[in-house]
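J.: Whatever this is, show me its structure:
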Amino acid sequence: MHDRWWWRRCGGWLGRVEPLEIARVEQAVAGSGWEVVDGQLVVRYATGSFVAGVRLVELVAGAAEAANHHPDVTLTYPWVELRLLTHEVDALTSADVDLALELTELVREHGVEVASGE
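T.: Sure, this is the predicted structure:
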């Protein structure tokens, strides 16, 4: 098994990817709609239609490409679910938290709400 520390290329520099404790992740994303589920950060956004969901996925894709960190995406009517996990270490890292918080702001700016009770 590989050491839990891996080198990852990010924005032209090499940095270490360190798994975070779940409690630390939960504290960082508190109030954002993201939750830790089965070791991944997960959020579900209510889009109301398939077309609105496609638009949301396009916004997410742009931010993910810029961060060079990509969520797993489930697109359906009437919601979009995003899941984050740093696959290199099979754990949550600061890259996941940073992208989750960035996506939260981006989605809020476009008036999309976290799906409730689904």
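J.: Now for His87, how many residues are close by?
T.: Using other C-beta atoms under 10 Å, His87 has 9 other residues around it. C-beta coordinates here come from the backbone N, C-alpha and C atoms, glycine included.
J.: Please report the distance of it from Val97.
T.: Applying C-beta to C-beta, to the nearest Å, the value for His87 to Val97 is 15 Å.
J.: same question, Leu82
T.: Leu82 sits 13 Å away from Val97, going by C-beta to C-beta.
J.: go on, Ala67?
T.: Distance, Ala67 to Val97, using C-beta to C-beta: 12 Å.
J.: higher neighbour count, those two?
T.: Of the pair Ala67 and Val97, Val97 is the one with more neighbours under other C-beta under 10 Å, namely 20 against 15.
J.: Now name the helix or strand holding the more buried one.
T.: helix 94-109 (DSSP states H and E).
J.: For the following helix or strand past that helix, which strands pair with it and how are they oriented?
T.: Downstream of helix 94-109, the next assigned helix or strand under DSSP H and E is strand 113-114. Within its sheet, strand 113-114 is paired with strand 40-46 (antiparallel), according to DSSP bridges.
J.: Return the mean pLDDT over the strand it pairs with, rounded to an integer.
T.: Across strand 40-46, the average pLDDT comes to 98.
J.: what does it rub up against?
T.: 25, 29, 32-36, 56, 78-85, 92, 96-97, 100, 103-104, 107, 112-116, 118 (C-beta atoms under 8 Å, 6 or more residues apart in numbering).
J.: what's the spacing between it and its chain's center?
T.: Its chain's C-alpha centre and that of strand 40-46 lie 8 Å apart, by C-alpha atoms, centre = their mean, to the nearest Å.
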